[in-house]
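Novice: quick one, fold the following:
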Amino acid sequence: QVQIVESGGGLVQPGGSLRLSCTVSGSTSVIGWFRRAPGKERTGVACIGNSPEPATYADSVEGRFTIHLEKTKNTVYLQMNSLKPEDSGVYFCAADRGELSTRWYCATPMAMDFWGKGTLVNVSS
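Specialist: Residues are numbered from 1 along each chain as shown. Have a look, this model is predicted:
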């Protein structure tokens, strides 16, 4: 069984930065961050896998967010810079053991088998 623990959410002003952490126990092939904005469905923000396939990002965060896998710590970090109010929401870390592409998993949240409890990010002045 894979267990996921997230941390790093909070309140930040527009233009500010936050770093989310996700520690995963157990073997997985892909790990990603998903956001559930108020009144909206969960969508992929950034995902990274064990394969040579590059990390994938939602268009809305490309160039502002960076996902990084620290293999020695089994931890994935999401560095979020130049935050905007529309980045607000509950951020969930999720993982899967499948063999499909990282991009596909990021676009298909329901396919991810293992989920954390979520951490709230509020970008507001």
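Novice: identify the bridge partners of the residue most central in space within the chain.
Specialist: Nearest to the geometric centre of the chain sits Trp33, at 1.5 Å (C-alpha atoms, centre = their mean). Beta-bridge partners for Trp33, by DSSP bridges, are Ala46, Cys93.
Novice: that one: what's it in contact with?
Specialist: Neighbouring residues of Trp33 by C-beta atoms under 8 Å, 6 or more residues apart in numbering: 20, 22, 44-47, 67, 76, 78, 91-94. No exception for glycine: its C-beta is placed from N, CA and C like everyone else's.
Novice: out of these, which comes closest to Ser29?
Specialist: Taking C-beta to C-beta as the measure, Ser29 lies nearest Cys47 of the contacts of Trp33, at 10.9 Å.
Novice: so the closest one touches Cys22, yeah?
Specialist: No. Between Cys47 and Cys22 there is no contact under C-beta atoms under 8 Å: 11.3 Å.
Novice: between those two, which contacts overlap?
Specialist: Common neighbours of Cys47 and Cys22, using C-beta under 8 Å, 6+ apart, are Ile31, Trp33.
Novice: can you check the pLDDT for the residue nearest to the centre of the chain?
Specialist: Trp33 carries a pLDDT value of 98.
Novice: got it, and Cys47?
Specialist: pLDDT, Cys47: 98.
Novice: show me what contacts it?
Specialist: Per C-beta under 8 Å, 6+ apart, neighbours of Cys47: Val30, Ile31, Gly32, Trp33, Ala55, Thr56, Ile67, Thr102, Arg103, Tyr105, Cys106.
Novice: show me where pLDDT drops low in the chain?
Specialist: Applying pLDDT under 70 to the chain flags no residue at all.
Novice: ok, now how distant is Gly116 from Arg19?
Specialist: 16 Å (C-beta to C-beta, to the nearest Å).
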